[in-house]
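Colleague: give me coordinates for this.
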Amino acid sequence: MSETIPDIQIDLDSSRATGASERLSSAAGLLAGRLALLLERVLPEKGGLLSQAISFLRTCAAAAGEVGPNPDRTGGIDPPWSARAMDPLDRLVESLGLSPLEVDLLVLAGLPEEHEGYADVLRALHPRGEPRPCVGLAAQLLCPDPGARRVLQEHLCGGSAVRSGAILLEGDAPFFGQNLVLASALWPVLHGQDVWPDAVELVHKQAVTYGLESWLEQPGCLRARRALQRGGPCHILVTADEEETALDRSAALLEACCVPAAFVRMPEALDRNTERLIGIHALARGQVPVLGLGAPEGRGPAQMPAFAEYPGPVVVCARTGTVSVRTERPLMEIACSSLSARESSSMWARALPALSHHARLLAGRYPLEPALTQRVVTDLQQVCALEQREANLADLAMCVKARTVLVQAAGARLVRPQAGWDQLILPGDRITQLRDAVDRSRLQATVLDEWGFLAGRRGARGVRLLFAGPPGTGKTLACEVLARALEMELLVVDLSRVVSKWIGETEKNLAAVFDSAERYRAVLVFDEADALFGKRTEVADTHDRYANLETAYLLARLERFEGMTILTTNLRQNIDPAFTRRLEDVVEFAEPNQQQRLALWQCHLPAAAPRGPDVDLDLLASLYPMVGGLIRNACLSAGFMAAAENQPIQLRHLVQSIRREYDKAGRAFPGAPQGLAKAERESRR
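Modeller: Predicted coordinates:
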């Protein structure tokens, strides 16, 4: 009974096993041969099924290599692991420091996934009829000596293979009755297949480094690059305004130091098993795990994954201020700073050579991340290839809008501008003010970056305007014209949803609105702004105190805002003077004069609409001092009256509509034109 079971010498240098998959199959076959020898020894009385099993195992062993004694080893596998660092199993052995016995255990646990015949044999040998090897079988197969069994217990209770999650012990049974189970989807990976478990959500990222040359040379990035190349255990935290930006920057960081990466979206509740599963798959592939760490709304900061026993670097990507750092591993943090105008211009020139002469314009208009820029360029190339023509700025604007869908914050609504300069009837000096505001946004690369104005000042790129004037004078229309001229969307703040009776909620809602507009380059509009930007008062009670706090927050946030903000009000005198000081310009919207009213009548009465011969727009402009909003309403109402009578629009329709607008406004109607008034009197007789 002291006779030992002959060991198996596996020659993985032979021509039979040249690739990772062939080597693994060879190792599995040679373990099958060892199992056949064990069965022949302990079960000399072989029945029909047992004979078939032994015959199958011997066939597999013969296909894998010669079976012969090797008294120098206790296990069945002795490959030159360190010399084959490119194979997945070699990577696990090197990174985890697996012993030969642990390698044998790993291959034994994978036998059921190698071939259905192995699973059938193991089911027949299992005390509960399960197609898995149990610890007892592993002890008889690999450690027949009592001393070796103690080594086996040590490995399975606290060895690297078990601590890392490569091998799991499962089953409600005593120790030697428990099953040896390989980590989910690990066996096909060891065969060289790119398979991930269902529990792991991958994120596909394309590394884009152009435009990030300066960022990659910053001290924090250089330290992280050295740590990634060295490969020691550490955490690298990459933070940005958005998780996707942090992931994109991490891809560029790893590309710059030629380190492969596995990008994973972390689940909201990360358990230890999933953490180990990510780690073992990354090790087998020779990749650094890059984890996108979202912060669930209303649940506080996200917890940084521990990866306490992971032997290599882990990159964690999160929004700034949303992750709670609790780790004993060395930690490095990298902040993703925005690209300067010069870097953004260089990025556009490299990403889109066909429009490189517009690079400075694009840098100011679309300050995108390099990875997002590359996606936009790919979309643009697809459009141009389908239509077989060269790219232009209009095509690019369309592709940028498709990729940068504005996520509306609570308390704001998105308006896509349609109005142009030809629809805006204002005095010449007011039009000049508005065009100057557009130029101030477009020419920032020249004035702020090249000429050095306001260097280093936060909010220097912000353009803050106040539109003041009576209702209907064109303030809202002017907002739309400016947004269209800048090829941006309007984000109009709904004060009824922003202002809250709960302390701190108003500031929170406003912060979300400002962040949303700044991130997606929308023109932010506060309509009826005097309700929110009103004058501060003396503190008489708690309500006054918190109202003043809201105003103070608005002052600070408005000054830091990097986009265009427009405040509209009917009562300029109610706006706090502190806001006025922070504005770049104030545009007064006065009631139109007769010439402007004529232009408004011509603008709002379409050329396609049929008119009667008595319609005299000069007469209407001279008789009725109305603002543009009322003129628009009157034209529309007259159109419906005429359509109801199936007639062209006549002067009486327009006058009747004007009378209604005066009544709505609570103003005295000046009276109908002389000829029309006489006709009305006669009709009443």
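Colleague: just the pLDDT at residue 249, thanks.
Modeller: What the model reports for residue 249 is a pLDDT of 97.
Colleague: what's the answer for residue 125, then?
Modeller: The pLDDT attached to residue 125 in the predicted structure is 89.
Colleague: how many neighbours does it have?
Modeller: Residue crowding around residue 125 was assessed by other CB atoms under 10 Å; the count is 22. Every residue, glycine included, has its C-beta placed from N, CA and C.
Colleague: what's it in contact with, if anything?
Modeller: Contacts were defined as CB atoms under 8 Å, 6 or more residues apart in numbering; by that measure residue 125 touches residue 137.
Colleague: phi, psi of it?
Modeller: Torsion angles at residue 125 (phi, psi; degrees, to the nearest 10) stand at phi -90, psi -10.
Colleague: again, but for the one 4 residues further on
Modeller: Note on residue 129: backbone dihedrals following degrees, to the nearest 10 are phi 70, psi 30.
Colleague: setting aside sequence neighbours, what's the nearest residue to it?
Modeller: Closest residue to residue 129 apart from its sequence neighbours, by CB to CB, 6 or more residues apart in numbering: residue 123 at 5.8 Å.
Colleague: does the one you found count as helix, strand or coil?
Modeller: helix (DSSP: H, G, I helix; E, B strand; the rest coil).
Colleague: I'd say it and residue 137 touch.
Modeller: No: under the criterion of CB atoms under 8 Å, residue 123 lies out of contact with residue 137, with a separation of 11.8 Å.
Colleague: report the longest helix in the chain, please.
Modeller: helix 20-42 (DSSP state H).
Colleague: relative to the whole chain's centre, how far out is whichever helix or strand comes after that one?
Modeller: Reading on from helix 20-42 to the C-terminus, the next helix or strand found by DSSP states H and E is helix 48-64. Between the mean C-alpha location of helix 48-64 and the chain-wide mean there is a distance of 54 Å, by CA atoms, centre = their mean, to the nearest Å.
Colleague: and helix 48-64 with helix 20-42, angle?
Modeller: Using axes from the mean of the first three to the mean of the last three CA atoms, to 10 degrees, the interaxial angle of helix 48-64 with respect to helix 20-42 works out to 140 degrees.
Colleague: show me what helix 48-64 is packed against.
Modeller: helix 20-42, helix 116-125 (3 or more CB pairs under 8 Å, 6 or more residues apart in numbering; DSSP states H and E).
Colleague: can you pull the buried residues of stretch 97-116?
Modeller: Of all the residues in stretch 97-116, those buried under the rule 16 or more other CB atoms under 10 Å are 98-115.
Colleague: and the contacts of the host helix or strand of residue 441?
Modeller: Under the criterion DSSP H and E, the helix or strand holding residue 441 is helix 428-442. Under the criterion CB under 8 Å, 6+ apart, residues 361, 364-365, 421, 424, 426, 463, 465, 478, 481-482, 485-486, 564, 584-585, 587-589 lie in contact with helix 428-442.
Colleague: give me the neighbour count for residue 380.
Modeller: Other residues close to residue 380 by other CB under 10 Å number 21.
Colleague: so who does residue 283 touch?
Modeller: Shown here is residue 283, whose contacts under the criterion CB under 8 Å, 6+ apart are 91-92, 95-96, 164, 311-312.
Colleague: per-residue confidence at residue 403?
Modeller: Reported pLDDT for residue 403: 82.
Colleague: now it. Nearest residue, chain neighbours left out?
Modeller: Using CB to CB, 6+ apart, the closest residue to residue 403 is residue 376 (5.2 Å).
Colleague: then whichever strand or helix holds that neighbour to CSV, C-alphas only?
Modeller: According to DSSP H and E, residue 376 maps onto helix 370-387. Extracted in CSV, the C-alpha atoms of helix 370-387 (Å, rounded to 0.1, in the frame of the first residue of the first chain):
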residue,chain,number,x,y,z
PRO,A,370,-10.3,64.3,-27.5
ALA,A,371,-12.1,61.0,-27.3
LEU,A,372,-15.5,62.6,-27.9
THR,A,373,-13.9,64.6,-30.7
GLN,A,374,-12.7,61.4,-32.4
ARG,A,375,-16.2,59.9,-32.2
VAL,A,376,-17.7,63.1,-33.7
VAL,A,377,-15.1,62.9,-36.5
THR,A,378,-15.9,59.2,-37.1
ASP,A,379,-19.6,60.2,-37.5
LEU,A,380,-18.7,63.0,-39.8
GLN,A,381,-16.6,60.7,-42.0
GLN,A,382,-19.5,58.3,-42.3
VAL,A,383,-21.9,61.1,-43.4
CYS,A,384,-19.4,62.3,-46.0
ALA,A,385,-18.7,58.8,-47.3
LEU,A,386,-22.4,58.1,-47.7
GLU,A,387,-23.0,61.3,-49.6
